[in-house]
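>>> Give the three-dimensional model of this entry:
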Amino acid sequence: MSNAGEHISVLLQGAVDALNIRPDGVYLDATFGRGGHSREILARLGSAGRLIALDRDPQAVASAGGIEDVRLSMVHAAFSKLAEVLGDLQVESVDGVLFDLGVSSPQLDEAERGFSFRFDAPLDMRMDTSQGMTAADWLNQAEEKEIAQVVWNYGEERFARQVARAIVKARALAPIDTTRQLASICATAVRTRERGQDPATRTFQAVRIFINRELERAAGWW
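Numbers count the residues shown, from 1 in each chain. Below is the predicted model:
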């Protein structure tokens, strides 16, 4: 959630309560976000406690600079690299790990990230903007069959083939570079409307999951 520009972690107290924090324990926040959970964990740790936080989003990592606490170690990495990070920090075990999976409201609210069809912005969608191909890069070169499979598998969009066909047709005229372009394509390809849901919703979700390899990273950890 966000309120007046400030990110508020959902189920903050309950999630941290479940860690059963020991004052001298070592804990890991695998998805730092904007630090709501990390701040609460630090508040419950004693002076001998330690918190390691990870995030693949450079903006999330930068926001950790506002926490001046020697007990916190912030690392720019995806949670799928958790074992490597702990090894580099010479941490053999932790007393608890917290995951808050998915896209965060700050990412959705920052138009330039390209996650949301509510704004007209570059079609990026990368959680880690320092590496990897953007959504625009992929949509402008992927085969129609691959696009359809992604939109169906990750978005469960029943008009996935029509969306893919419309994307390929549109990019033949001009590159698809913005969120507004993709949203407009979805509006023409999705023939029926679900109450309260934009026709681009499922396609944007699918492309975001694919670009960030969200399910593969989660499966690799579990």
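
>>> in this structure, which spans are helices?
Assigned by DSSP state H, the chain shows helices spanning 12-17, 36-44, 58-63, 82-88, 105-109, 135-139, 144-155, 160-171, 179-189, 201-211, 214-221.

>>> Quick one: those as JSON lines, columns for distance to Ser116 and mean pLDDT too.
Every residue, glycine included, has its C-beta placed from N, CA and C. Putting the helices of the chain into JSON lines (distance: least, CB to CB, whole Å; pLDDT from 0 to 100) gives the following:
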{"stretch": "helix 12-17", "distance to Ser116": "23", "mean pLDDT": "85"}
{"stretch": "helix 36-44", "distance to Ser116": "21", "mean pLDDT": "93"}
{"stretch": "helix 58-63", "distance to Ser116": "15", "mean pLDDT": "86"}
{"stretch": "helix 82-88", "distance to Ser116": "28", "mean pLDDT": "91"}
{"stretch": "helix 105-109", "distance to Ser116": "5", "mean pLDDT": "57"}
{"stretch": "helix 135-139", "distance to Ser116": "12", "mean pLDDT": "96"}
{"stretch": "helix 144-155", "distance to Ser116": "15", "mean pLDDT": "97"}
{"stretch": "helix 160-171", "distance to Ser116": "18", "mean pLDDT": "98"}
{"stretch": "helix 179-189", "distance to Ser116": "7", "mean pLDDT": "95"}
{"stretch": "helix 201-211", "distance to Ser116": "7", "mean pLDDT": "94"}
{"stretch": "helix 214-221", "distance to Ser116": "16", "mean pLDDT": "61"}
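
>>> Kindly state which of these is positioned closest to Asp124.
Distance to Asp124, taken as CB to CB, is lowest for helix 135-139 among these, at 6.3 Å.

>>> Only alpha carbons, please: show the closest one as PDB.
Written as PDB, here are the backbone C-alpha positions of helix 135-139 (Å, rounded to 0.1, in the frame of the first residue of the first chain):
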ATOM      1  CA  ALA A 135       9.400  -5.500 -22.000                       C
ATOM      2  CA  ALA A 136       9.600  -3.400 -25.100                       C
ATOM      3  CA  ASP A 137      12.800  -5.200 -26.200                       C
ATOM      4  CA  TRP A 138      11.100  -8.500 -25.900                       C
ATOM      5  CA  LEU A 139       7.700  -7.600 -27.400                       C
END
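
>>> Appreciated, that's everything.
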